[in-house]
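Chemist: Sequence below, structure please.
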Amino acid sequence: MSERGLLIVLSAPSGCGKSTIVQGLLKRRDRLKFSVSATTRAPREGEVDGRDYFFISHEKFDAMVDNGEFLEHAQYVENRYGTPRGPVERELAAGNDVLLDIETQGAFQVCGQCPDALMVFLLPPSFEELEKRLILRGKDSPEVIKRRLEVARRECLEAEKYDYRIVNDEIERAVSEFDSIIEKERRKINKQ
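Modeler: Okay, here's the model as predicted:
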């Protein structure tokens, strides 16, 4: 029987570069699997159902909550997000590490159910830089950007509750730091 995989929770304010960091890690680690979340929001241009998110209706989301099919779920700005439990549990049982990209509310739900989960928070170099990134990506209205920045300030206050914090000031350095953290935690598991 293979050893159980490591559950890794990554949280960061919108615009911090989570997707880029995740892609960098997936290229480095063969046994790292990305957990695809379900959401009630509409797909953005270029997003693919089942690859980027499972895009579902509010009614289906409610049914999944009622059936206990989420490891965690939360509302973020105007939309709901959740991590389907089944795929995560299958990958962990197969010995693969699973990376969840979720906001703080969901992260603490996961931590409550899986206390051995590795919790990593990605920080922006500054709030000025974060605002600049949100504006430059051109996906949100000024009102939505303002709300995202308000949420980001609240989320960053939660960073101290995570096992590790990484400042994403330079992508390759941040990916390397995250990769080193995973390697360190895998060695701890292997020694047990």
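
Chemist: rest of the way, CA atoms for contacts and neighbours
Modeler: Will do.

Chemist: elements contacting the one helix or strand residue 153 maps to?
Modeler: Per DSSP states H and E, residue 153 falls inside helix 142-157. When contacts are defined as 3 or more C-alpha pairs under 8 Å, 6 or more residues apart in numbering; DSSP states H and E, helix 142-157 sits against helix 127-137.

Chemist: Let's see that with 6 Å instead.
Modeler: Applying 3 or more C-alpha pairs under 6 Å, 6 or more residues apart in numbering; DSSP states H and E, we find helix 142-157 packed against no helix or strand.

Chemist: Strand partners (parallel or antiparallel) of the following helix or strand past that helix?
Modeler: Counting by DSSP H and E, the element after helix 142-157 in chain order, helix or strand, is strand 164-167. Next to strand 164-167 in the sheet, as set by DSSP bridges, lie strand 118-123 (parallel).

Chemist: the inter-axis angle of the strand it pairs with versus helix 127-137?
Modeler: 80 degrees (axes from the mean of the first three to the mean of the last three C-alpha atoms, to 10 degrees).

Chemist: CA-only coordinates of strand 118-123 in CSV, if you can.
Modeler: Provided in CSV are the C-alpha atoms of strand 118-123 (Å, rounded to 0.1, in the frame of the first residue of the first chain):
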residue,chain,number,x,y,z
LEU,A,118,-0.1,22.0,5.1
MET,A,119,-1.3,25.6,5.2
VAL,A,120,0.5,28.2,3.0
PHE,A,121,-0.5,31.9,2.5
LEU,A,122,0.8,33.9,-0.5
LEU,A,123,1.2,37.6,0.2
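
Chemist: circling back to that earlier point, can you tell me the average pLDDT over the helix holding residue 153?
Modeler: On average, the pLDDT along helix 142-157 is 89.

Chemist: what's it in contact with?
Modeler: residue 13 (C-alpha atoms under 6 Å, 6 or more residues apart in numbering).

Chemist: That helix versus strand 118-123: what angle between them?
Modeler: Using the same axes, to 10 degrees: helix 142-157 against strand 118-123 is 130 degrees.

Chemist: Keeping just the C-alphas, turn helix 142-157 into PDB.
Modeler: The C-alpha coordinates for helix 142-157 follow below in PDB (Å, rounded to 0.1, in the frame of the first residue of the first chain):
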ATOM      1  CA  PRO A 142     -13.300  49.700 -10.300                       C
ATOM      2  CA  GLU A 143     -16.000  48.800  -7.800                       C
ATOM      3  CA  VAL A 144     -15.100  45.100  -7.800                       C
ATOM      4  CA  ILE A 145     -11.400  45.900  -7.500                       C
ATOM      5  CA  LYS A 146     -12.200  48.100  -4.500                       C
ATOM      6  CA  ARG A 147     -14.100  45.200  -2.900                       C
ATOM      7  CA  ARG A 148     -11.300  42.800  -3.700                       C
ATOM      8  CA  LEU A 149      -8.800  45.000  -2.000                       C
ATOM      9  CA  GLU A 150     -11.000  45.300   1.100                       C
ATOM     10  CA  VAL A 151     -11.300  41.500   1.200                       C
ATOM     11  CA  ALA A 152      -7.500  41.200   0.700                       C
ATOM     12  CA  ARG A 153      -6.800  43.400   3.700                       C
ATOM     13  CA  ARG A 154      -9.000  41.200   5.900                       C
ATOM     14  CA  GLU A 155      -7.500  38.000   4.400                       C
ATOM     15  CA  CYS A 156      -3.900  39.100   5.000                       C
ATOM     16  CA  LEU A 157      -4.800  39.500   8.700                       C
END
